[in-house]
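A.B. asks: the sequence and its predicted three-dimensional model are supplied below.
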Amino acid sequence: MPAPPTESRVKAVLGPTNTGKTHLAIERLCAHSSGMIGFPLRLLAREVYDRVRAIKGDSRVALITGEERIEPKDARWLLCTAEAMPVQSGRPGRPAEGPIDRDLAFVALDEAQLGADRERGHVFTDRLLHARGREETMILGSATIEPLVKKLVPGVEVIGRPRFSTLRHAPAVKLSRLPPRSAVVAFSAEQVYAVAEMLRRFRGGAAVVMGAMSPQTRNAQVALYQAGEVDYLVATDAIGMGLNLDVHHVAFAGLAKFDGQRQRRLTAAEMAQIAGRAGRHQRDGSFGVLGGLRGTADPEFSDEEVYAIEEHRFAPLTRLFWREAEPRFDSLATLIADLEAPPDSPELAPAPEAIDLAVLKRLADEPEIAASLTGPALVRRFWQACSLPDFRQQGVEHHARFVARLWQELARGLLGSDHAPQAIARLDNVQGDIDTLQGRIAAIRSWAYIAQRPDWVPAREEMAARARAVEARLSDALHARLTERFVHRRTAVLMRQLGKDAGLLPVALDGDAVQVDGEVIGQLGGLRFVPDPAARAAEGKLLLAAAERHVPALLAARAMAMAAAPEHLALNAGVLAWQGVALARLGRGKALLAPRLEWDAAVARIPAPARTALEEAAAGWLQRRLKALAPLARLAGAAADLATGPDLRALLLRLVDGGGIAERHGSGLERLDPARRQGLRRLGVRVGALDLFVPAMLRAGPLGLWRQLAMAQGNRAAPVAPQMQPVLDHGPGPVPAGYRPLGRALCRVDRAEDLLRAAHGARVAARGRAFAIDPAPALALGLSTAALTRLLRQAGFSPLPPRPLAEGAYGPPAPLLWRWRPPQPVPAESRPRPPATGAFAALAELVG
């Protein structure tokens, strides 16, 4: 679906980094009477906003991002994130957002190649297709997008921009020999902290920049570097977009990253985007890998990658991700169908399921939420709530719960007058370490986003100001913590104390032994690092510090190995373990067959991508294991059916709670009509003379699993016999599940019912006369005649007194004869009693 023709001049300015594309866009923006630029990051929007504000004045320039909106009444130049661009697409029905006039003379989109990004690509594609200036439109990006721009934007003028300086590959360099004015790029917070800590120990410190930082913290850290207080910068790959720094060399701490789906090697284009930060304007730059660090997937560039980066020659993009930007809101089903609809153009591909759509689909299954969406306006409002960005990066389930809590109030109108103030006040706490402060900043970003919507919160301007103030205080505290931890100004003294390169020695894992340069300094027992006491001597402290910096990576590697081999998982006594390493404990869930996993504290210390993979593998294994309880799941499913009826539902739930076994007496079976009894049998329940049971559950595996679930729910559960033999000796202690006590013996309920069925067959054949019962089947099972007699008495059979032989007669005694009457209830947990006598016997006879 190419963009519609327009009278606006559309230019595509394409090329590598350090080509002045952004500077050109700013010049063109300021040359027009009004305009707007959309950026991929809030950091970039804020940086350019400050530059344009210095030219045009505070009252004429607006900043529009999800978390921050500075919109003067007379603003004519807008700096935005791509998602927040108030584009005028020409499509009917698009609501206005804010006081800004969107009929702008100039519009530009930065980093348009992000249309190929899995999570946000559909936003950049929509802006590329529809964001137009009245007089001029500019598309900025990599040359890899050129073929697609020509196909999707008719009449576009493509302008190539060569790099101002030369970028050359340099050999791997150890951290101890890293040249000044270098940036080290890592791909996880843990790796950023580890490298920054080592630079602090041996080079006086480093500034730290990560994409999740607030602009205030980022600017303060960059100022440390630019002012020369530190000569090194450690950053995530967010440095690859628009941060203009005085960097001479870019060193990659690794060449692989977790992209939200899997751990993978960077593409050559991604490598070039980051490496291009080295060398600005006419000064040449270099790039390479950081040597002496183990654990990276591929520690060196291939020849092909080096050539591609130096010459900026990459395979062109073949498609951009697209999603309907103006879906219909007639119903949830219509909305989801529109958001999942395929594009019409071969140059576009359906966008992978982003978190906003995942949250929408997850909450659409909640009956209360679905019932609240009574019209298109509420469906639109619900979609806006689901579009709240997941700043905390904690996954679909956690973010969906947060959105659901918001929707409870948004469905009725505005949030409660004390909801946002209390949430913001709870986050106004500058105590804590770096991770804690970053977590609070991520959380306050969510509330800053919420506070920007006048249709969500009362007193929007006041709430937005509160959120910005809290973010500023948290940012100041974070900058102080970063500086305190990673900047040490007495470098010479520190180096004399610690020795040359000691902290840069390689760390390896040999079995469970953690080694620093071949010296064992501790053990990685399961998922817990236990330092060797001998390594705490003064000369070993640095080795121990180096190892502890690498423990998260070792834990991540071990967790990924566990996740790849779920066959080694086992569940015993309610503990889920991998080859004896405890991962989680079964906790009380919504129902017996839906337990909750309570993760071990050691799992929480694993870095996020590996921890998520391990938790998903373990949870998947448990779900497969629970398939052994499919007979109970069928009973629970039938009990949930409203057509089942209260009596049958109560009986089914009793069977589920009892592991598929229930004593017939007191079960309520007598209240079921023939149709429901037949339904009970169709569910796999066998109705016996003394017990109701599911034959498939009378095995050690299913019963053992049921017992663990029952104990996790806080229920009392009988023990389970290891082999579930037909007959066991009855010693001290409780009766195992699935057995009936018969004096000194225990008989499994299905075999007991088989014996009783044979006895009833003899009774029916006798046609009302006394009858003999063959004891051979019981003896073959291992039951004594005394135990058989107890079983028969429990079922209502009573022996007749034996007839004596005539005087002087010889021969075997006559077989014992029996009669039957409906039994008196005898609890299975108690030993059988003698037959009732006297008045009780007469009453039983009358009732029978």
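C.D. replies: Ah, there it is. Quick caveat: nothing in here was measured; it's all calculated off a predicted structure.
A.B. asks: residue ranges with poor pLDDT in the stretch 1-150 of the chain?
C.D. replies: 1-8, 18-19, 87-102 (pLDDT under 70).
A.B. asks: where along it do the helices fall?
C.D. replies: Under the criterion DSSP state H, counting those that start in this stretch, helices of the stretch 1-150 of the chain are mapped to 21-31, 42-56, 121-130, 146-152.
A.B. asks: hey, which of these is tucked in deepest?
C.D. replies: Comparing those by mean neighbour count (mean count of other CB atoms under 10 Å), helix 121-130 comes out on top with a mean of 25. (Each C-beta comes from the backbone N, C-alpha and C, glycine too.)
A.B. asks: going along the chain, name the strands of the stretch 651-800 of the chain.
C.D. replies: According to DSSP state E, counting those that start in this stretch, the stretch 651-800 of the chain carries its strands in the segments 661-663, 686-687, 691-693, 727-729, 739-742, 745-748, 771-772, 797-799.
A.B. asks: and the contacts of the fourth one?
C.D. replies: Counting by CB atoms under 8 Å, 6 or more residues apart in numbering, the neighbours of strand 727-729 from elsewhere in the structure are 721, 736, 739, 744-748, 751, 781-783.
A.B. asks: residues of it that come out buried?
C.D. replies: For strand 727-729, the neighbour count (16 or more other CB atoms under 10 Å) marks 727-728 as buried.
A.B. asks: which neighbours does it have in its sheet, and in what orientation?
C.D. replies: Next to strand 727-729 in the sheet, as set by DSSP bridges, lie strand 745-748 (antiparallel).
A.B. asks: show me the contact partners of the partner strand.
C.D. replies: Outside strand 745-748, the residues within contact range by CB under 8 Å, 6+ apart are 698, 724-730, 735-736, 738-740, 755, 781-784, 787, 791.
A.B. asks: same check on stretch 638-653?
C.D. replies: With contacts defined as CB under 8 Å, 6+ apart, stretch 638-653 is touched by 635-636, 656, 662, 667-669, 671-672, 676, 679-680, 683, 692.
A.B. asks: can you give me the buried ones in it?
C.D. replies: Under 16+ other CB under 10 Å, the buried positions of stretch 638-653 are 638-639, 644-645, 647-649, 651-653.
A.B. asks: and what of stretch 365-374?
C.D. replies: Neighbour counts over stretch 365-374 (16+ other CB under 10 Å) mark 369, 373 as buried.
A.B. asks: chain center to it, what's the gap?
C.D. replies: On the basis of CA atoms, centre = their mean, to the nearest Å, stretch 365-374 is displaced by 24 Å from the centre of the chain it belongs to.
A.B. asks: got the end-to-end distance for that stretch?
C.D. replies: Distance across stretch 365-374, first residue to last, is 15 Å (CA to CA, to the nearest Å).
A.B. asks: kindly report the same for stretch 428-437.
C.D. replies: Taking CA to CA, stretch 428-437 runs 10 Å from one end to the other.
A.B. asks: would you mark the buried spots in that stretch?
C.D. replies: Quick answer for stretch 428-437 (16+ other CB under 10 Å): 430, 434, 436-437.
A.B. asks: and what of stretch 508-518?
C.D. replies: For stretch 508-518, the neighbour count (16+ other CB under 10 Å) marks 508-509, 514-516 as buried.
A.B. asks: got it, and stretch 794-802?
C.D. replies: Buried, per 16+ other CB under 10 Å, within stretch 794-802: 794-797.
A.B. asks: swap in stretch 624-631?
C.D. replies: The neighbour-count check on stretch 624-631 (16+ other CB under 10 Å) flags 626, 628-629, 631 as buried.
A.B. asks: helices of the stretch 551-700 of the chain, start to end?
C.D. replies: Secondary structure of the stretch 551-700 of the chain (DSSP H, counting those that start in this stretch): helices at 601-604, 608-625, 630-640, 646-657, 674-682, 700-712.
A.B. asks: of all those, which one is nearest Gln263?
C.D. replies: Nearest of the helices of the stretch 551-700 of the chain to Gln263, taken as CB to CB: helix 608-625 at 6.8 Å.
A.B. asks: measure how that closest one sits relative to helix 700-712, angle-wise.
C.D. replies: Using axes from the mean of the first three to the mean of the last three CA atoms, to 10 degrees, the inter-axis angle of helix 608-625 relative to helix 700-712 is 120 degrees.
A.B. asks: remind me what helix 608-625 packs against, helices and strands.
C.D. replies: Counting contacts by 3 or more CB pairs under 8 Å, 6 or more residues apart in numbering; DSSP states H and E, helix 608-625 is packed against helix 541-564, strand 569-572, strand 575-578, strand 581-591, strand 594-599, helix 601-604.
A.B. asks: having no further points to raise, I will conclude here.
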